[in-house]
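S.K.: just a sequence and a predicted model for now, questions to come.
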Amino acid sequence: MDEREIEENIRVLHKKILELEKRVDAKLKENEKKIDEKANKILSQETILIFGLYLKIMDDIKKNLKMIRINIILLEILIIFLYIAVIILMLKIF
């Protein structure tokens, strides 16, 4: 092989390497897009899950507060009955 053939082979190899680099870069970008899409999908699913958990927790808190309110009302009624009982006992004693 003479010098021209070697240079031609080098040019051909260089072009092939450039083409391969372009294909690899394109494939990398495509894979990055797919990964970003999957990550966004996972994030949106997690967001929906977290929002659902938030709504459930808020509903549980609402139920618990309602029970506390009912218990407070019952305690107030019991206290009123105790006051009435004390007053009646005091009236019977005197």
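M.R.: Everything's here; your move.
S.K.: CA only for contacts and neighbour counts going forward, please
M.R.: Will do.
S.K.: now the helices: where do they sit in the chain?
M.R.: With DSSP state H as the criterion, the chain has helices at 3-93.
S.K.: flag the shaky bits of it, pLDDT-wise.
M.R.: Of all residues in the chain, those with pLDDT under 70 make up the ranges 1.
S.K.: Val24 and Ala39, how far apart?
M.R.: Distance from Val24 to Ala39, counting by CA to CA, to the nearest Å: 22 Å.
S.K.: and if you look at Leu53?
M.R.: Taken as CA to CA, the span from Leu53 to Ala39 is 21 Å.
S.K.: ok, now Gln45?
M.R.: 10 Å.
S.K.: and what of Ile6?
M.R.: Distance from Ile6 to Ala39, by CA to CA: 48 Å.
S.K.: same question for Lys22.
M.R.: Distance, Lys22 to Ala39, using CA to CA: 25 Å.
S.K.: ok, Leu65 next?
M.R.: 38 Å.
S.K.: and for Asn31?
M.R.: Distance check for Asn31 against Ala39: by CA to CA, it reads 12 Å.
S.K.: could you do Glu30 as well?
M.R.: Distance of Glu30 to Ala39, computed by CA to CA: 14 Å.
S.K.: one more: Met58?
M.R.: Relative to Ala39, and taking CA to CA, Met58 is found at 28 Å.
S.K.: ok, now Arg4?
M.R.: According to CA to CA, Arg4 and Ala39 sit 52 Å apart.
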